[in-house]
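Q: Structure, please.
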Amino acid sequence: MKRSLPAVVAILAMIAAALAGATPAAAANLLTNPGFESGLSGWTCSAGSVVSSPVRSGSGALAGAASSSDTAQCTQTVPVVPNTTYAVSAWVRGNYVYLGITGGPQTWTPSATAYTQLSLSFTSGANQTSAQLFLHGWYGQGTYHADDVSLDGPGGGTPGAPGTPGNPTVGAVTNTSIALSWAAAGGTVSGYRVYEGNTVRATVTGTSATLTGLTACSSHTYAVAAFNGAGESPRSAEVSATTTGCVNTGLPRHALIGYLHASFANGSGYLRMADVPPAWDIINLAFGEPTSVTSGDIRFNRCPVAECPNVESDADFLAAIRAKQAQGKKVLISIGGQNGQVQLTTTAARDAFVRSVSAIIDRWGLDGLDIDFEGHSLFLNPGDTDFRNPTTPVIVNLISALRSLKARYGARFVLTMAPETFFVQVGYQFYGGAGGGDNRTGSYLPVIHAMRADLTVLHVQDYNSGPVMGLDNQFHFMGGADFHIAMTDMVKAGFTVANTGLRFPGLREDQIAFGVPAAVPAGNGFTAPAAVQSALNCLARGQSCGGYTLRGGRPSLRRSSLGTRKRKITTLGVSGRI
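A: Numbering: from 1, shown residues only. As a prediction, the model looks like this:
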């Protein structure tokens, strides 16, 4: 889905500037140096300086030098109290100036020739103990100015309690245990509590802990808080890890995924199954499509002779599948695509989906399923804000159907997903069920999370995308190594889902890939091979990162993919590998 700057601006305009909540008691501006009278003290800026003119008040103001490659973002992080409403404001001038809370609401002005006040409010999540305010301009729009910034509300922390401990890091991991360590907290410390969600999993006096009794191949997310007689500190940032003991589906460590347009010619010819390049480790048959949007009845029809004169017979097609499987390749049916809208709005549609997909898998002896839902297949109803416990029928029924298929075919069943960035990474800024914008944003997250123990590969389509904010709180643009690095790092590290206060845990490295177009005509976002290699070198080896700092722990990806295609545009879709 291509989203230009005006489209992004339109979305931002739809975001509610104020959330419901009572005015907090004991309100105070929590920001250090809010008027920039002490230079940039307290602020972290990518391209900012303090000027004496123009200012709104006092002796200084921020000048953010936005360029073609930098939005000149400035941020400041402050402690906050969970479940509390805060008021945010700033006086700004310039073109396309943004004010917001990372992972929460934001507001903007397209043009302000004189100082104009931007304001919003946000409510901290149930476990949220810190918030990051940001200001930034827009690419190529020139210098913006900001002054008299405010984040009003009660500060976090308990008087006399220790400071926040260092962020935990993962040590040794086994089938049943995960080891953590962290830097000591400041102040007087009696001990540390290791939290998983709101549950204390361990209490220790030192700066390390080993969580035991875990299930093999299970993902866990932990945070650490220090405590003493006065109370408990704010919690550290979260860290995610997965125990070992995952089922080996037979794929190589580094796998290449390709889409074979077996049901249509796509305007550029038909490729026979026997002629699929031997480098492909997963061959996705594109596409299985529904008889109607809400039927759940999926059909896979071979390309007709009238459209594909060189199409092989069913017998030859089946023989070629068996030959590929004998070489260790996995052949999947890919459901959806650009034209295949699938909305499982009822349990009847869910059951039809399971029956019809099973019939396709059995007919051709396939190894699994690729979910390539695009367009309006997935969305979130208003109020559906907890990705861990979704309530929207199209989400709930899809999860149930996938679990049924996994149970039917067993542990070696290969399950892959190829969503667009709009349905995954954009959930960092906007989440559909929270309202105020497109109800499809982030809507793949509950499906990915529910199936994370059974998911073989997630290869997000890093193309046909607008600018997407990464974990560095900068916008990244498709077509270069930077986009693949930032988008993939989000999937590995995990991220807070918009303003829900909930964190989407990162996936295992062996589950992560990224998708690129196979050729220039294949869709917006084609990346030159050298740039793809640079991205893979960064993600797998920590090299050629172009100044980007990986948040997802040590560099390493077991598997990567250049998942690609756009129906009616290119014959082959290919997924790249590390």
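
Q: Could you check how many residues crowd around Gly479?
A: 18 (other C-beta atoms under 10 Å). Every residue, glycine included, has its C-beta placed from N, CA and C.

Q: I'd like the numbering to begin with 10 instead of 1 from here.
A: Will do, 10 is the new start, and the previous item becomes Gly488.

Q: Quick check: which element contains Gly103?
A: Assessed by DSSP states H and E, Gly103 sits inside strand 94-110.

Q: oh, I was asking about Thr185
A: Take DSSP H and E as the rule and Thr185 turns out to sit in neither a helix nor a strand.

Q: Look up the closest residue to it, ignoring the ones flanking it.
A: By the measure of C-beta to C-beta, 6 or more residues apart in numbering, the closest residue to Thr185 outside its immediate chain neighbours is Leu223, 5.1 Å from it.

Q: got a list of what the one you found touches?
A: Taking C-beta atoms under 8 Å, 6 or more residues apart in numbering as the definition of contact, the neighbours of Leu223 are Asn184, Thr185, Ser186, Ile187, His229, Thr252.

Q: Between the residues you listed, identify the one with the most neighbours.
A: Going through these with other C-beta under 10 Å as the criterion, the one with the most neighbours is Ile187, at 26 neighbours.

Q: ok, it to Asn176 distance?
A: Ile187 is 15 Å from Asn176, where distance means C-beta to C-beta, to the nearest Å.

Q: Just the strands from the stretch 460-587 of the chain, written as ranges.
A: With DSSP state E, counting those that start in this stretch, the ranges of strands along the stretch 460-587 of the chain come out as 466-470, 477-478, 484-485, 503-505, 512-514, 521-524, 581-584.

Q: what does the model give the residue most central in space within the chain for pLDDT?
A: The geometric centre of the chain, computed from its C-alpha atoms, lies nearest to Gln434 (C-alpha atoms, centre = their mean), at 3.0 Å. Gln434 is assigned a predicted lDDT (pLDDT) of 97.

Q: Identify the residues contacting it.
A: Contacts of Gln434 (C-beta under 8 Å, 6+ apart): Val469, Val477, Gly479, Met496, Met499, Val500, Phe504.

Q: one more time with 6 Å, if that's ok
A: For Gln434, the contacting residues are Val477, Met496, Met499, taking C-beta atoms under 6 Å, 6 or more residues apart in numbering as the criterion.

Q: State the helix or strand in which Gly169 lies.
A: With the criterion set as DSSP H and E, no secondary-structure element contains Gly169; it sits in neither a helix nor a strand.

Q: Quick check: nearest residue in space to it, chain neighbours excluded?
A: Ala239 (3.2 Å).

Q: What is the neighbour count of that neighbour?
A: Applying other C-beta under 10 Å, we find 14 other residues in the vicinity of Ala239.

Q: likewise the one 4 residues further on?
A: Pro243 is surrounded by 23 other residues when neighbours are defined as other C-beta under 10 Å.

Q: Pretty sure Ala410 sits against Val363.
A: Yes. Look at Ala410 against Val363 with C-beta atoms under 6 Å: they come within range, at 5.1 Å.

Q: which sections of the stretch 10-159 of the chain are below the confidence cut-off?
A: Applying pLDDT under 70 to the stretch 10-159 of the chain flags the ranges 10-36.

Q: before we move on, the earlier item: how far away is the residue nearest to the centre of the chain from Ala135?
A: Going from Gln434 to Ala135 by C-beta to C-beta gives 23 Å.

Q: now do Gly222
A: As defined by C-beta to C-beta, Gly222 lies at a distance of 26 Å from Ala135.

Q: for Cys317, same thing?
A: Relative to Ala135, Cys317 is positioned 55 Å away (C-beta to C-beta).

Q: Please identify which of the two sits among more neighbours.
A: Counted by other C-beta under 10 Å, Cys317 and Ala135 do not tie: Cys317 has more neighbours, with 20 against 11.

Q: Check the secondary structure at the more buried one for me.
A: Using DSSP: H, G, I helix; E, B strand; the rest coil, the structure places Cys317 in coil.
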